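Q: Requesting a structural model of the entry that follows:
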Amino acid sequence: MKLLFKGFKIFDGEDFISADSVLAEEGKIVKTGSGLDESGAEVIEGNGRLLTPGFVDLHAHFRDPGGEWNEDLQSGALAGAAGGFTTLVAMPNTKPAISEPALIEYVISHGAAAHASRILPAGCVSKGRAGKEICEMEKMTEAGAVFFTDDGAPIATSHLMRLALLYTGKKLPRVMEHPEEISLFQGGQVHEGRVSAMSGLKGIPGASEEIDVARGIALVRDTGGRIHFTHLSSAGAVELIRNAKRAGLDVTCDTTFHHLTLNENAVIASGYNSRFKVNPPLRSVNDQKALWEGLIDGTIDAIVTDHAPWHLDEKDEPFQEAPFGIASLECAAAVLLDYRARSYPEVPLQLIFKKMTSGPAALLPEKWQHLGRIKEGSPADLTVIDEARTKIVDCKTWKSKARCCPWEGTALTGWPVMTFVGGKKIWQDEEEI
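A: Next up is the predicted model:
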């Protein structure tokens, strides 16, 4: 099947290009240019809208196996497609945890059954996420694991982290660390600062994140390995990683859509609504500013969702009783595009898109590093974005099983309207039909 995307403003994974059309055939991009031959092709008219590589999310939770009433791999894949994401990395903190090859295969096969976004599995660092015995990482890599992480918690001991870094080296997938010093986190509900002082809720200091980042950096320096820190939230952690990169260490990181667009003041303004309860917590205005600075100067490599779906009965509880997590796959891109247009218009749009496409793809194993780009031979994973589309976030219409979102009822401008994986349309906004 031939597809011609015609009349678009095209971002190729690095920058906007002069071409206005992309030709795809048999699931791959075969040509970019202007005035391309339409014969035998289905034409997708751009009318000046944006065409980008499909978004790549390195950090999402699907609760499958073991918590399918919150989200399963198929509903998660459909939700990702509706948010413009073509590739999603599933975190392994399920029940059972994804710590053996058969479970890696389970995630791949069950995700593929949705015929929607591609789901790639992260495997655990420790067996059962128990923090005691390292997993069989090579066998899990052969089965399809693309990261190793005990996400939901940090790697339990420095000894275990050191072993993981030595074992993965430069050949196996990266170690992804959830940066947290547990003794400073335990019992915490919100950022330690203005919001904890006003509410009386136990605070989680930025030092909790920074101590674990410092540990990981020290062990990378010791082993020559590489580490990726996920959902960065604090100014101190950004500075530690900035300095590690300057020292030539193989250290990378991401931050979330919600940490870029919300801060502790949103928790206060909401009246301590549990929809704003997330780990790491929404931090100070200064921390939020530091994340944007890290994005701009290249310290932060990728933007992720940390999509954390919960059933309404579990999430819609008093703040201190509710679980941590924000569900966001279907509105994350719109949240960021809208916020950037209002608050950081000086930040180039191509920088934002790079952190959602080629940036995260470059951190995956070599097999997948061709994702996130529009170039000859790349998969025709594509997202169409209407910068002028204004729509109200309505969780009741989501493909996700989650129904709790901080942006519920908010009008946002700039939405994905079509998503393609391997040249096949996997989602289209109803207003486009």
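
Q: List the buried residues in stretch 122-130.
A: In terms of neighbour count (16 or more other Cβ atoms under 10 Å), stretch 122-130 has its buried residues at 122, 123, 124, 125, 126, 129. From N, CA and C alone the C-beta is placed, and that goes for glycine too.

Q: could you pull out the strands for the stretch 301-433 of the chain?
A: For the stretch 301-433 of the chain, the strands defined by DSSP state E, counting those that start in this stretch occupy 302-304, 382-392, 411-421, 424-428.

Q: Could you list every helix and strand that the second one packs against?
A: Right, the one you point to is strand 382-392. strand 50-53, strand 85-90, helix 332-343, strand 411-421 (3 or more Cβ pairs under 8 Å, 6 or more residues apart in numbering; DSSP states H and E).

Q: just checking, what packs against the last one?
A: Strand 411-421 is packed against helix 73-82, strand 85-90, helix 332-343, strand 382-392, strand 424-428, with contacts defined by 3+ Cβ pairs under 8 Å, 6+ apart.

Q: Please apply the same query to the longest one.
A: Contact analysis of helix 332-343 by 3+ Cβ pairs under 8 Å, 6+ apart lists helix 257-261, helix 349-354, strand 382-392, strand 411-421 as its packing neighbours.

Q: Tabulate these in a markdown table, adding columns for distance to residue 137, mean neighbour count and mean pLDDT.
A: Formatted as a markdown table, the helices and strands packed on helix 332-343 follow (distance: least, Cβ to Cβ, whole Å; neighbours: other Cβ atoms under 10 Å; pLDDT from 0 to 100):
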| stretch | distance to residue 137 | mean neighbour count | mean pLDDT |
| --- | --- | --- | --- |
| helix 257-261 | 29 | 24 | 98 |
| helix 349-354 | 29 | 20 | 98 |
| strand 382-392 | 32 | 19 | 97 |
| strand 411-421 | 28 | 21 | 98 |
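
Q: Need these in TSV (columns: distance to residue 4).
A: Shown next, in TSV, are the helices and strands packed on helix 332-343 (distance: least, Cβ to Cβ, whole Å):
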stretch	distance to residue 4
helix 257-261	32
helix 349-354	22
strand 382-392	12
strand 411-421	12
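
Q: still on that earlier bit, in a markdown table: the strands of the stretch 301-433 of the chain, plus distance to residue 143.
A: Formatted as a markdown table, those follow (distance: least, Cβ to Cβ, whole Å):
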| stretch | distance to residue 143 |
| --- | --- |
| strand 302-304 | 23 |
| strand 382-392 | 28 |
| strand 411-421 | 21 |
| strand 424-428 | 24 |
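
Q: Out of those, flag the one nearest residue 74.
A: For residue 74, the closest of the strands of the stretch 301-433 of the chain is strand 424-428, at 12.3 Å, according to Cβ to Cβ.

Q: Would you mind listing the buried residues in that closest one?
A: 426, 427, 428.

Q: Also stretch 223-233?
A: Buried residues in stretch 223-233, counted by 16+ other Cβ under 10 Å: 223, 225, 226, 227, 228, 229, 230, 231, 232, 233.

Q: Tabulate the CA atom coordinates of it in CSV.
A: C-alpha atoms of stretch 223-233 as CSV (Å, rounded to 0.1, in the frame of the first residue of the first chain):
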residue,chain,number,x,y,z
THR,A,223,32.2,0.8,36.1
GLY,A,224,32.3,2.6,32.7
GLY,A,225,28.6,1.5,32.3
ARG,A,226,25.7,3.7,31.4
ILE,A,227,22.5,4.7,33.2
HIS,A,228,19.3,6.5,32.4
PHE,A,229,17.5,8.4,35.1
THR,A,230,13.8,8.6,34.6
HIS,A,231,11.1,11.2,35.6
LEU,A,232,13.6,13.8,36.8
SER,A,233,11.9,16.5,38.9
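
Q: I'd like the average pLDDT over it.
A: The pLDDT scores in stretch 223-233 average 98.
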